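Trainee: need coordinates for the following:
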Amino acid sequence: EAVAASIVELTRSLIDIDGVLSIEHSRQPWKPFREVFSPARKQLRPDADRLRLCYDPCNLLTPGDKVDPSEVTASLAVNELSMLHFKQRRDGKPYPAVADGDIDWPEQLRILNEKRYTGPGLLEIEPHRNIWEYLEGSREYLRRCGMQTE
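Mentor: Residues are numbered from 1 along each chain as shown. This is a model prediction of the structure:
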């Protein structure tokens, strides 16, 4: 409750300057994160859209609480999302491109397209000497997987 109240206070201070608070779920287990994020949004009604989630499905694999990223993505309302991070892991290790791996990007994009997500996306590529090739390959992979662009 105290953490949710702090988030509400921060969000209200941003509302005063016409801002939005975007919180990234990073290393914490999903359930406790959601138990803070959802009540904070409820407390902000009718300004709940001023508190949003910077969503990175790959981060769901970090804490080891064994949540299914596709189930989590399906559970989110599109108006909860501020942006989407694209990155990948293979066998539990960061991978320098968005490609086949631990996150099922074709499934993630199918779900997000069904929800009509049109917000920003960020390619979060691991450092590598071939960064530009990996970046272009990641963009092409996401297009092939069904990423819709405007």
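Trainee: which ones are touching R27?
Mentor: Residues near R27 by CB atoms under 8 Å, 6 or more residues apart in numbering: N59, T62, P63. (Glycine included, C-beta is placed from N, CA and C.)
Trainee: please name the nearest non-neighbouring residue to the second one.
Mentor: Going back to what we said before, that points to T62. Of all residues not flanking T62 in the chain, R27 sits nearest, at 5.2 Å (CB to CB, 6 or more residues apart in numbering).
Trainee: before we move on, what SS does the one you found have?
Mentor: Here R27 is recorded as coil under DSSP: H, G, I helix; E, B strand; the rest coil.
Trainee: coming back round to it: could you list which of the contacts of R27 belong to strands?
Mentor: Per DSSP state E, strands hold no members of the contacts of R27.
Trainee: selection in PyMOL covering whichever of those residues are buried, please.
Mentor: Buried residues among the contacts of R27 (16 or more other CB atoms under 10 Å), as a PyMOL selection:
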select buried, resi 59+63
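Trainee: of the contacts of R27, which is the nearest to E133?
Mentor: Closest approach to E133 among the contacts of R27 (CB to CB): N59, at 24.8 Å.
Trainee: residues contacting that closest one?
Mentor: The neighbours of N59, taking CB under 8 Å, 6+ apart as the test, are E24, H25, S26, R27, H85.
Trainee: next one, pLDDT for the third one please.
Mentor: Yep, that's S26 we're talking about. Listed pLDDT for S26 reads 89.
Trainee: residue contacts, it?
Mentor: D56, N59, T62.
Trainee: turn these into a markdown table, including distance to I131 and pLDDT.
Mentor: Compiled in a markdown table, the contacts of S26 are given as follows (distance: CB to CB, whole Å; pLDDT from 0 to 100):
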| residue | distance to I131 | pLDDT |
| --- | --- | --- |
| D56 | 19 | 97 |
| N59 | 21 | 95 |
| T62 | 22 | 91 |
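Trainee: how many neighbours does the nearest residue to Y95 once chain neighbours are set aside have?
Mentor: Nearest non-adjacent residue to Y95, counting by CB to CB, 6+ apart: Q88, 4.4 Å away. Using other CB atoms under 10 Å, the number of residues around Q88 comes to 23.
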